[in-house]
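Engineer: structure for this input, please:
(2 chains)
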Amino acid sequence: MHIDARELPNNSLIEGDLCIIGAGAAGISLALEFLNMSSKVILLEGGGFEYESQMQDLYKGKTTGQRYFPLESARLHYFGGTTGHWAGFCSPLDPIDFEKRDWIPLSGWPIKRTDLDPYYVRAHKNLDLGPYEYLDSYWMAQDPKIDSLPLDHSAVYNKMWQFSPPTRFGEKYKDTVVKAPNIHLYTYANVTNIDANEHASTIQQVTVKNFAGKTHTVKAKKFVLACCSIQNARLLLASNKQAKHGLGNDNDLVGRHFMEHLEIKSAELWLTKPEALKLYAWESGKTKARAELAISPEKQRELKILNGTASLTPLEVARKQPAFIDMWTADTAQRKKNMSKFDIAEKKSLQESGHDSYQLFTRIEQAPNPDSRITLDTDIDALGMPRAMLHWVLTPLEKRSIREIYKLIGKELGIIDKGRVRLLEYLRDENDNTWPEFTGGGWHHMGTTRMSDNRKQGVVDANCKVHGINNLFVAGAACYATAGAPNPTLTLVALTIRLADHIKQVNA
Amino acid sequence: MQRRTFIHLSAYTALALALPFTEGCSPSPETIASRPFLFSQLADKKAIAEAGAAYRKQFPKENDKTILSNLLIGKNASRDKSVIEKQLDDHVLDDFKTGKTVTTAGWVLSITEARQCALYSILNA
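Structural biologist: Purely as a prediction, here's the structure:
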C-alpha cells in the first residue's frame, strides 16, 4: 500500500518489522523479496513518484579534490531512485575482484564471487537481463556476423556486458509495491535521523520529515539503509546523538573509501584495414550484449594493476563526443544539447560498415583510499540535515594501471599483426601522476560503508550488517570493498537479494 | 599482404601529406631498414619521424645512424630488399611476442620498428 507522509497527522508513529530507508534499485529489490510474506515492511522514500527539483536540492553538496560532477546530478531522489536515469550496463564482478591482492591496499572481500553467483541469477530477473551468460563464445554463437579481435585470451579477453532495457524501477515496480498488502510505501518520508539505544548497539527508531512540515517516527525490528552510498554515509554520520562521531563509526570508517569508476579516454587503436568489430559495438536500446577488452587475472597479478576494461568507439565518433565530466551542466538546454551530440555521433557510427581507428575508453576500479571520502558540511539542507561533502581522491596506482593496460593491449595487438595502439598524451610520462581536465567517473558511488570481517577495516560485515549494531544493515554499493570494473547496479541488486535471504534466515 | 606505399591517409590524422616513399632505383639497405612496414600503413611520415625522434631522445646511446643500422640489419646486410624487409618484419613480430616493446610518442611499438622510425628520422632530418 502507499501512504503519502505529507497527509499523515503530524508526529505519527509508524511501526513495522522491517524498515527500508530508500526506494531505489536496492530498496525496491529488498522489498520485493518480502512480497506477500507475513513481515510488515515499511519502505521509506524521501521523494514522490516524479522528479521534483525541491527534492533533488536535498542532494546538493560541495566537492573537493579530483573534479567531480555536481552531487545532485549523480543521483535521483524519487521512487525508483537513480534507475530513473541509468543506462542499463550490467556485468558481474570478476572472481579476482573479491580476492586479497597484495598490490592493492585494503583489497579483498569477506565473500567470494561464487557466493554471489546464485544472486546474480536472481538479480538478472529484476533488471530484465538475458540469461546469466557472460562468455563471449555464447554471445558470438547467437550471431555469426559478430566479429572481434583475435587476441590471446590469457592476456586480454572479451569481458561481456549485458544491457537492461534499462529497467526503470519506479515505473516497473510501482504497482507491485503499492498493491502489496504487507509493503507499506511511504513517500515524502525523508529520514533525517536514526536513533539508537544508549550504547548505540540497537536502532530504536528513525525520524522522517517532509516539506509539508510534518515529522514522524518509524519503529521497526530491523532497519536497512538503502539510499545510496553518499546518503547512507551522510545519514550515519549525522545520527550522532548516541554516538558522537555517528552510528557505526567507532573506527572512523563511515564515509571513507569512497570509490568511483574512473571513466576516461585513454588511447587510440589503429588498424591496418577497417573492421566493424561488432562484438564491441553498442546501440542504446538495441544491443543485448557487447564486450570490452579486459585484462586476465594472471596479467593483473603480473603487472600489479587494478582491474579495468577498455571499450571501443570509432575515433571519428569519439572525437565529436564531449567528455562525460562535461556533459552534465545546470543549464537544462545545454545539457540536452550535450547529450544529443553524444547520441547523434553514436548513431552515425553505426551506419558505417567498419572503421580503421577506435578510441579506447577506460572503465577502471580505483584503489580503496581512506582519504577519498564523504563528510558532513556545516551547511544544512531545507529539512535541517547537514549536507554531504565529497572529497574524491585518486592515487598513482590508477594512472599506472591504465598505462599498463594499454601497453599490454598494444603488445597483444602487435602479436596478431593487426594494428598499433597509441596512448594519449597524459599517459606518456611515467613520472606524471596528474590527471587531465576530462577525467571523470561513471556516476557510480561505492565503498562508503565498506564490507570487511574486521571492524577496523569495514563498516559492515559479510552479511551487510553494521558492525556493533545488531539490527542495522546496509544495502547497495556502499558495501563494496573494491569496485571492480563493471557498473555497480547488477552487483548491488545481487548483494541486496543475498541480504534479504540473510534477514529471512535470521527471522526464521 | 602487399607492401603498400609508405603513407596511409586518414581524414582524422589531420597530418599533412608529404610525398610517399619512393623506391628510387636501388635503395640502400639503410633506407630499406628505415621503413617500418605495418606502422607505415597507419602513420604518415611526420608521425614516423616524431616517433623516431622521441625514441632517440629516450635512448640517446642509439642516436646514431650507424648504430641503428647495425642494430637493425647488422654490418654485413644483404642488399636484397625483400630479404631485409622479411627479416625486419619477422623481428617486429618476435619483439611483440617476447615483450620487446617500447612506448614512444605514445605509440606502443616493437623495439625493431621504433629503431626503424629512429633511423628514418635521422635519414630524413
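Engineer: the closest residue to chain B within the stretch 101-250 of chain A: what's its closest spatial neighbour, skipping adjacent residues?
Structural biologist: Per Cβ to the nearest Cβ, A:D152 is where the stretch 101-250 of chain A lies closest to chain B, at 9.9 Å. To be clear about C-beta, it is placed using only N, CA and C from the backbone, and glycine gets the same treatment. Spatially, and ignoring its direct neighbours in sequence, A:D152 is nearest to A:E412 (5.9 Å; Cβ to Cβ, 6 or more residues apart in numbering or on different chains).
Engineer: so what pLDDT did the residue in chain B positioned nearest to chain A get?
Structural biologist: Per Cβ to the nearest Cβ, B:V108 is where chain B lies closest to chain A, at 2.6 Å. Per-residue confidence (pLDDT) for B:V108: 98.
Engineer: so what does it have for phi and psi?
Structural biologist: Backbone torsions of B:V108, given as degrees, to the nearest 10, read phi -90, psi 100.
Engineer: rewinding a little: so the residue nearest to A:D152 makes contact with A:L151?
Structural biologist: Yes: if you go by Cβ atoms under 8 Å, A:E412 and A:L151 touch, sitting 4.9 Å apart.
Engineer: between the two, point out the one with more neighbours.
Structural biologist: A:E412 (24 against 18; other Cβ atoms under 10 Å in any protein chain shown).
Engineer: got the buried residues for the one helix or strand the more buried one maps to?
Structural biologist: Using DSSP states H and E, the element containing A:E412 is helix A:396-415. The neighbour-count check on helix A:396-415 (16 or more other Cβ atoms under 10 Å in any protein chain shown) flags A:397-415 as buried.
Engineer: over to stretch A:21-28?
Structural biologist: A:21-28.
Engineer: next: stretch B:111-125.
Structural biologist: Under 16+ other Cβ under 10 Å, the buried positions of stretch B:111-125 are B:111-123.
Engineer: show only the entries of those found in helices.
Structural biologist: B:111-123 (DSSP state H).
Engineer: grab the nearest non-local neighbour of the residue of the stretch 351-500 of chain A found nearest chain B.
Structural biologist: Proximity of the stretch 351-500 of chain A to chain B (Cβ to the nearest Cβ) peaks at A:G410, 2.6 Å away. Using Cβ to Cβ, 6+ apart and skipping the chain neighbours, the partner closest in space to A:G410 is B:V108 (2.6 Å).
Engineer: pLDDT score for A:M327?
Structural biologist: 73.
Engineer: how about B:P20?
Structural biologist: Per the predicted model, pLDDT is 42 at B:P20.
Engineer: ok, A:D343 next?
Structural biologist: 64.
Engineer: just the helices from the stretch 401-508 of chain A, written as ranges.
Structural biologist: Applying DSSP state H, counting those that start in this stretch to the stretch 401-508 of chain A gives helices spanning A:489-507.
Engineer: I misspoke; the intended subject was chain B.
Structural biologist: Under DSSP H, chain B gives helices at B:29-33, B:37-42, B:45-58, B:65-73, B:81-98, B:111-123.
Engineer: distance from the first one to the middle of the chain?
Structural biologist: Here the centre of mass of C-alpha atoms in helix B:29-33, compared against the chain's by Cα atoms, centre = their mean, to the nearest Å, lies 9 Å away.
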